[in-house]
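# Need coordinates for the following:
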Amino acid sequence: MAQPAVSKNANIALWALQILAAAAFLAAGIPKLAGAAQMVEVFQKVGGQWFRYVTGSLEILGAIGLLIPRYTFYGASLLAIVMVGALIAVFAVLGVSPAPAAVLLLITATIAYFRKEKQ
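All right, here's what the predicted structure looks like:
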């Protein structure tokens, strides 16, 4: 499937989404790796501390990928998968609002779709 045509304005909007998403995922990933008390507590319920390190690392790697044009599709795809996992955790274990994870899933999936490389 070929990359969808993106106008100049759409490209600007995608870059804005990429920057905002990267900031959001850095803001989420850093506390996980730093061992913030709230993150330790959440991941004790979800799957253990090793999972906190994996999730935080994936979020930071994906955020960096969003900002490097060659890796944007891969970073966005990785983060979309992480958000699917977050939604599963929200519904199965945590019982909190799924809205933040759902919005981030929508944003990262949109970025991945429009930044897909030409085949």
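# And for the residue nearest the centre of the chain, nearest residue in space, chain neighbours not counted?
The centre of the chain sits closest to residue 79, judged by C-alpha atoms, centre = their mean, with a distance of 3.1 Å. With C-beta to C-beta, 6 or more residues apart in numbering as the criterion, residue 79 has its nearest non-adjacent residue at 3.9 Å, and that residue is residue 62. (C-beta placed from N, C-alpha, C; glycine too.)
# OK, contacts around that neighbour?
If you count contacts by C-beta atoms under 8 Å, 6 or more residues apart in numbering, residue 62 has them with 25, 75, 76, 78, 79, 82, 108.
# Going by distance to residue 53, which of those residues wins?
Using C-beta to C-beta, the shortest approach to residue 53 within these belongs to residue 82, at 13.4 Å.
# In this structure the closest one contacts residue 58, no?
Yes - taking C-beta atoms under 8 Å as the contact criterion, residue 82 and residue 58 are neighbours in contact, 5.3 Å apart.
# These two: who's more crowded?
Neighbours per residue (other C-beta atoms under 10 Å) separate residue 82 from residue 58, with residue 82 holding more: 23 against 19.
# Residue 11 versus that one, what's the distance?
Per C-beta to C-beta, to the nearest Å, residue 82 is found 25 Å from residue 11.
# now the longest helix seen in the chain, how far from the chain's geometric center?
Longest helix in the chain by number of residues, with DSSP state H as the criterion: helix 8-34. When C-alpha coordinates are averaged (C-alpha atoms, centre = their mean, to the nearest Å), helix 8-34 and its chain have centres 8 Å apart.
# from here on, count from 7
Okay, residue one is now 7; in that scheme the one you just asked about reads as helix 14-40.
# Same question for the helix or strand following that helix: list its buried residues.
If you walk from helix 14-40 toward the C-terminus, the next helix or strand you reach (DSSP states H and E) is helix 43-52. Neighbour-count burial for helix 43-52, counted by 16 or more other C-beta atoms under 10 Å, picks out 45, 48, 49, 52.
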